[in-house]
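Chemist: can't give you the sequence, but here's the structure:
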């Protein structure tokens with residue numbers, strides 16, 4: 001076997017967990033073969049260059065082998081070789097992600113927790129009727 005559908009190859013090389021996920025990514029235009037758009041039925045052979053996106057990670061790999069069976073990760077990694085530029089860009093992106101602060105940790109205010117709500121309820125001068133403009137007016 002010297003050629004294989006790109007969706008099967010991406011699945012066998014463990015880039016995507018299922019073939020249907022691989023097909024979705026191909027249909028969204030996130031997979032290119034030799035700098036051309038691809039369809040799931042497009043065949044890939046040894047020597048082709050495949051550019052793909054996994055989440056925020058962009059990878060460019062050269063196809064070294066063809067396998068229609070999904071095997072263990074060490075075997076799957078022998079099916080391709082990642083280019084030096086792709087490795088450098090992934091390392092740079094990982095470093096930038098580590099240096100960036102988590103946006104959620106900078107939020108000082110938000111929805112009150114159960115403890116916050118109870119302390120608000122028990123604060124002096126705050127009863128239920130004083131919170132509403134349409135109180136019963138007892």
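Modeler: Happy to help now that I have it. These figures come from a predicted structure and were not determined experimentally.
Chemist: and the spatially most central residue of the chain, how far from residue 25?
Modeler: Residue closest to the mean C-alpha point of the chain, counted by C-alpha atoms, centre = their mean, is residue 55 at 2.6 Å. Distance, residue 55 to residue 25, by C-beta to C-beta, to the nearest Å: 10 Å. Where you see a C-beta, it was placed from the backbone N, CA and C, and this is true even at glycine.
Chemist: how about residue 99?
Modeler: Residue 99 is 28 Å from residue 25, by C-beta to C-beta.
Chemist: among these two, which residue is more densely surrounded?
Modeler: When residue 99 and residue 25 are compared for neighbours, residue 25 comes out ahead with 20 against 7, by other C-beta atoms under 10 Å.
Chemist: measure the residue nearest to the centre of the chain to residue 19 for me?
Modeler: With the distance defined as C-beta to C-beta, residue 55 ends up 18 Å from residue 19.
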